[in-house]
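Q: Below is the sequence, then the predicted model.
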Amino acid sequence: QVQLVESGGGLVQAGGSLRLSCAASGSAFSINVMAWYRQAPGKQRELVAVITTGGSTNYADSVKGRFTISRDNAKNTVTLQMNSLNPEDTAVYYCYADGRYSDDYRYFEVWGQGTLVTVSS
């Protein structure tokens with residue numbers, strides 16, 4: 001089974017920066033898409049940024065120009081650099097990945113446990 005482990009959340013003042021990291025572990029798999037989602041209190045989970053194996057990226061309008069997603073395919077890791085944070089960015093951030101197992105080519109989707117980002121005003 002593929003598992004995702006996130007790190008890097010915490011408390012930051014408005015205007016500050018945080019860097020989230022996520023690493024996939026397991027055996028015999030290949031990852032296609034990696035992404036970050038977030039869920040603020042009382043709101044639905046929303047896509048923040050996504051990156052393909054080839055490096056193509058897409059961002060939510062609310063974070064464009066402030067957040068940068070990147071990945072290391074060899075290490076199966078994805079990071080989210082968040083700059084110019086504001087209180088509206090406060091949420092639990094979840095790492096997401098999909099791909100296939102190498103032995104039977106079975107498709108999988110997996111989520112991390114979530115990491116809390118709190119931006120104070």
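A: Received it, and whenever you're ready, just let me know what you need.

Q: Find me the pLDDT at the residue at minimal distance from the centre of the chain, would you?
A: The residue lying closest to the centre of the chain (Cα atoms, centre = their mean) is residue 36, at 2.6 Å. For residue 36, the pLDDT comes out at 98.

Q: which other residues reach stretch 107-120?
A: Outside stretch 107-120, the residues that touch it by Cβ atoms under 8 Å, 6 or more residues apart in numbering are 1-14, 16, 18, 20, 22, 24, 29, 38-39, 82, 85-101. For every residue, glycine as well, the C-beta is placed using N, CA and C.

Q: In strands only, show me those.
A: Among these, the ones falling in strands (DSSP state E) are 3-7, 10-13, 18, 20, 22, 24, 29, 38-39, 82, 91-101.

Q: Narrow these to just the buried residues.
A: 4, 6, 12, 18, 20, 22, 24, 29, 38, 82, 91-97, 99, 101 (16 or more other Cβ atoms under 10 Å).
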